[in-house]
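> Build me a model:
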Amino acid sequence: MSNLSAPDTAGMALKVPMETEPGGQSRGQQQSDPTPRPWLTQVVLRTFSTRAAKAGLTCIAVVSFCAVFAPFLANSYPLLMMKDHHLISPLAQNLTAADCTLLAMSLTAIGLWFVHRVRVYRRALWFLGITATVAVASLVWLHPPRVQVYHQFRNAQRLGQIQWAIHTLIQFSPGDHSFDEAAGPSHPQSPSSRHWMGTDANGADIASHMIHACRIAMAVGFISTGLAAVIGS
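Residues are numbered from 1 along each chain as shown. I've put the predicted structure just below:
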């Protein structure tokens, strides 16, 4: 009888069939492939990958910040002060409905931006609802004085009637013409530690005007972009 030698299987590699999915790709390949990003995300990432786009976004962010927080950046009224042993906030007492509504809109939009579990249309409804509620409440409850006397607190502080006060970064409102400084230097004034960008011919602080003018710039930008989007579509 001839000796039948068994086949040498030591060097043969076992081939295990890989499970495939309906698309023709193996399960291992699908796990290694990155999840495709949404189209809008790709557009945003590619747009802001350039330095010019980043610089433009920074400028928009600065203008938006100044527009929202303008009363808290440049205001003749103290943010907080102690007068006759009473703690009061003249700035809060002189806020308008537009100030509160714009602040609520911005804070709501920032908060809803980080809420990813809620669908977009629900976030939009929440945004509109909160904005409308704050706007109506501000119109009903806020009654700032119609006549603004900006220098009254400066005079009270000179007379020692105010124990201490916390002021905004720029201590002048855009409508403050510094009538209490009539005996001082004539206007316009050059930039100084008191008026960072100087004053105009009427005695108004130029830096305060520029900060509060950011609201007009943002309004013009939103309106023009909105009209372009509606007409273009």
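
> Asp180 and Pro144: what is the separation?
Distance of Asp180 to Pro144, given as CB to CB, to the nearest Å: 21 Å. (C-beta placed from N, C-alpha, C; glycine too.)

> Those two: which is more packed in?
More crowded of Asp180 and Pro144, by other CB atoms under 10 Å: Asp180, with 15 against 12.

> Mind pulling up the pLDDT for the residue nearest to that one when sequence neighbours are not counted?
Nearest residue to Asp180, sequence neighbours excluded (CB to CB, 6 or more residues apart in numbering): His151, at 3.8 Å. pLDDT for His151: 85.

> Check Ser178 too.
Confidence score, pLDDT, at Ser178: 80.

> OK, contacts around it?
His151, Phe172, Gly184, His187, Thr199, Gly203, Ala204, Asp205 (CB atoms under 8 Å, 6 or more residues apart in numbering).

> any idea how far Arg158 is from the first one?
It refers to His151. 10 Å.

> neighbour count winner among those two?
More neighbours surround His151 than the other of His151 and Arg158, with 15 against 11 (other CB under 10 Å).

> all strands of the protein, in order?
With DSSP state E applied, the chain shows strands at 80-83, 86-88, 162-166, listed in chain order.

> Distance to Ser138 added to the contacts of Ser178, as JSON lines?
Output for the contacts of Ser178, formatted as JSON lines (distance: CB to CB, whole Å):
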{"residue": "His151", "distance to Ser138": "27"}
{"residue": "Phe172", "distance to Ser138": "24"}
{"residue": "Gly184", "distance to Ser138": "37"}
{"residue": "His187", "distance to Ser138": "35"}
{"residue": "Thr199", "distance to Ser138": "31"}
{"residue": "Gly203", "distance to Ser138": "31"}
{"residue": "Ala204", "distance to Ser138": "26"}
{"residue": "Asp205", "distance to Ser138": "26"}
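
> where's the dip in pLDDT among the residues you listed?
Gly184 (63).

> so where's this structure shaky on pLDDT?
1-35, 40, 181-185, 233 (pLDDT under 70).

> could you redo the last one with a cut-off of 90?
Scanning the chain for pLDDT under 90 picks out the ranges 1-57, 83-86, 112-124, 142-163, 175-190, 192-195, 201-203, 218-233.

> Output the longest helix belonging to it.
Counting by DSSP state H, the longest helix found in the chain is helix 206-232.

> Just the buried positions in that one, please.
Buried residues in helix 206-232, counting neighbours by 16 or more other CB atoms under 10 Å, are found at Ile206, Ala207, Ser208, His209, Met210, Ile211, His212, Cys214, Arg215, Met218.

> now do stretch 71-80
Pro71, Leu73, Ala74, Asn75, Ser76, Tyr77, Pro78, Leu79.

> In contact with the fourth one, which residues?
Spelled out, it's Asn75. Leu91, His167, Thr168, Ile170, Gln171, Phe172, Ser173.

> can I have stretch 198-208 written out in CSV, keeping just the CAs?
Output of stretch 198-208 as CSV, limited to C-alpha atoms (Å, rounded to 0.1, in the frame of the first residue of the first chain):
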residue,chain,number,x,y,z
GLY,A,198,-12.3,113.3,22.9
THR,A,199,-15.5,115.2,22.5
ASP,A,200,-17.4,116.7,19.6
ALA,A,201,-18.3,120.4,19.2
ASN,A,202,-21.4,119.9,21.4
GLY,A,203,-19.4,118.3,24.3
ALA,A,204,-20.6,114.7,23.7
ASP,A,205,-18.2,111.9,24.2
ILE,A,206,-17.1,110.4,20.9
ALA,A,207,-16.3,106.9,22.3
SER,A,208,-19.8,106.7,23.8
